[in-house]
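Peer 1: Next comes the sequence, and after it the predicted model I'd like to discuss.
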Amino acid sequence: MEDSEALGFEHMGLDPRLLQAVTDLGWSRPTLIQEKAIPLALEGKDLLARARTGSGKTAAYAIPMLQLLLHRKATGPVVEQAVRGLVLVPTKELARQAQSMIQQLATYCARDVRVANVSAAEDSASQRAVLMEKPDVVVGTPSRILSHLQQDSLKLRDSLELLVVDEADLLFSFGFEEELKSLLW
Ligand SMILES: Nc1ncnc2c1ncn2[C@@H]1O[C@H](COP(=O)(O)OP(=O)(O)OP(=O)(O)O)[C@@H](O)[C@H]1O
């Protein structure tokens, strides 16, 4: 956002650990999509957002997701560790990129919010082991997520609170529609 009236990260009510990560990344101000999306997502609104490539969409969903999870852990009743956030992406490469970005933003709160990419190249057994630890956020392609749901290595029904469908147009054009439906309905 080039406008001097832009709402800076420091005025979004973010956890200082997230602000520190943003500073370390050298981001002095939010991009337009971040400025618009983050406050609404923090209010708990459902969003459908569209912006050109490279406009910072990953952080636009990752920052509020991390903030909401941190806030819940800091202020809510103590609840069992569970997968509360799911990020669906169309390809393994995008899963890697999304996880890497989320992980960078979670650098200073990695103990409180754990993020796992189930589409990483490891075998299914290693992924099951990761899922047994109940990471707070799981990133993956629909086919991989569905396969873990079917094997019961991933359970979302009673715990999922935050869902991101990243690159939704690609996800649908890759023919994931049926998998997405079985996942989400
Ligand atoms: N507020 C910001 N200030 C400066 N750089 C930023 C900011 N937010 C994100 N970036 C950087 O912009 C680049 C693009 O971000 P990102 O990959 O999230 O964009 P995207 O919109 O998701 O792109 P794509 O559609 O290709 O996935 C990354 O290198 C990221 O580190």
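Peer 2: Great, that's in hand. Worth saying up front: this structure is predicted, and the values here are computed from it rather than measured.

Peer 1: Tell me the residues of this protein that contact the ligand?
Peer 2: Taking CB under 6 Å from any ligand atom, the part of the chain that reaches the ligand is made up of 27, 30-31, 34, 51, 53-59, 101. Heads up, the C-betas are built off the backbone N, CA and C, glycines and all.

Peer 1: again, only this time at 5 Å
Peer 2: For the chain, the residues in contact with the ligand (CB under 5 Å from any ligand atom) are 27, 30-31, 53-59.

Peer 1: Point out where the protein drops to low pLDDT.
Peer 2: Where the chain drops to pLDDT under 70, the residues are 1-6, 121, 185.

Peer 1: now the strands: where do they sit in it?
Peer 2: Along the chain, counting by DSSP state E, strands occupy 85-88, 115-117, 137-140, 162-165.

Peer 1: is it possible to export these to JSON lines including mean neighbour count?
Peer 2: As requested, the strands of the chain are exported to JSON lines (neighbours: other CB atoms under 10 Å):
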{"stretch": "strand 85-88", "mean neighbour count": "24"}
{"stretch": "strand 115-117", "mean neighbour count": "24"}
{"stretch": "strand 137-140", "mean neighbour count": "28"}
{"stretch": "strand 162-165", "mean neighbour count": "19"}
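
Peer 1: who wins for proximity to Phe176 among those strands?
Peer 2: strand 85-88 (8.3 Å; CB to CB).

Peer 1: Show residues contacting that closest one.
Peer 2: If you take CB atoms under 8 Å, 6 or more residues apart in numbering as the criterion, strand 85-88 is touched by 61, 65, 69, 95, 98, 102, 136-142, 145, 156, 160-166, 171, 180, 183.
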